[in-house]
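Participant: model the following, please.
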Amino acid sequence: MNGILTGRVAVVTGASRGIGKGIALELGAAGATVYVTGRSATPGKLPGSVTETAAEIGALGGTGVPVVCDHRDDTAVAELFTKVRADHGRLDVLVNNVYNAPASSRWLGKPFWEVPPRAWDESFDIGVRSHYVASHYAAPLLIDSGGLIVGVSSPGAEHYTHNATYGVAKAAVDRLTADMAHDLADTGVTAVSIWPGIVNTELLQMVPPDADGRRLVTLPGEGTFDLNEAESPRFPGRAVVALAADDDRRARTGKAWRVADLADHYGFTDIDGRIPRVG
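Facilitator: Alright, predicted model coming up:
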């Protein structure tokens, strides 16, 4: 898919690492100019930063623009899209990915009475509200281009996953997608959610292999999974590229789509040639 998005401009929120980074890299590999946001200008406890992601995008043939942005700061988010307009006068793709995964992981498998109220705020402020704010400021640019909004959600929107706050937050992301699509119906902008499976992010890469070489992770109430069979962060990125390049993507607006199902439809695979279906 090299060059398929040449001339397009994208913003990916929360792209220092994980799914956001994978999506940003694939957009760059397809030729796009990609603004990557996050709080990390340099690596912290986990590897990755917006600067490193932008450099990797450049190495893949795209143009990466690192933007240090705390998505709890509405003014900083507004300034991001002011910069995009000043630099390019257009925006074709917004990927709302930013999410506080390390904070959420503290409460995996806990019943709601053991999950403190601050966990609700962590899930909703960075993960629902931040998606709304970015979409609000991006909308005028996207309307001009007939662009694409992608919300990174989860099957947890549909069935119990991790804990109550996680599932409700992901259901809210999907509802936000549906309602934005309603408001955008006459504009040419497509709004969708995507559902990756279990993704082998930097956080999960810290899980060591057992004696048989398996990297097993047990999610309470969900099962035990071998992370060697999980999808790479670039697999959902290939879904975003396919959607951005699809002239008929409006038929998908307002709905959530499993990444594996999009792979079946568009004919892409993960970086190892598989279509992973874990999680």
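Participant: return the per-residue confidence for the residue most central in space within the chain.
Facilitator: The chain has residue 97 as the residue nearest its centroid, 3.3 Å off, counting by Cα atoms, centre = their mean. pLDDT for residue 97: 97.
Participant: residues in contact with it?
Facilitator: 12, 13, 14, 15, 19, 20, 23, 152 (Cβ atoms under 8 Å, 6 or more residues apart in numbering). Using the backbone N, CA and C atoms, a C-beta is placed for each residue, glycine as well.
Participant: list the contacts for the third one?
Facilitator: Listed by Cβ under 8 Å, 6+ apart, the contact set of residue 14 reads 20, 37, 38, 71, 97, 98, 99.
Participant: again, 10 Å this time
Facilitator: Residue 14 makes contact with 20-21, 23-24, 36-39, 50, 69, 71, 95-101, 126-127, 130, 152 under the criterion Cβ atoms under 10 Å, 6 or more residues apart in numbering.
Participant: filter the residues you listed down to the ones in helices?
Facilitator: 20, 21, 23, 24, 50, 101, 130 (DSSP state H).
Participant: quick one: those residues as JSON lines, columns for distance to residue 84 too.
Facilitator: Output for the ones in helices among the contacts of residue 14, formatted as JSON lines (distance: Cβ to Cβ, whole Å):
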{"residue": "20", "distance to residue 84": "17"}
{"residue": "21", "distance to residue 84": "19"}
{"residue": "23", "distance to residue 84": "17"}
{"residue": "24", "distance to residue 84": "14"}
{"residue": "50", "distance to residue 84": "15"}
{"residue": "101", "distance to residue 84": "25"}
{"residue": "130", "distance to residue 84": "17"}
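Participant: of all the residues you listed, the one with the weakest confidence?
Facilitator: residue 101 (69).
Participant: about what we covered before: out of the ones in helices among the contacts of residue 14, who's the most crowded?
Facilitator: If you count neighbours using other Cβ atoms under 10 Å, the busiest of the ones in helices among the contacts of residue 14 is residue 24, which has 37 neighbours.
Participant: now do the strands in the chain.
Facilitator: 9-12, 33-38, 63-68, 93-96, 148-152, 190-195, 216-219, 223-226, 256-258 (DSSP state E).
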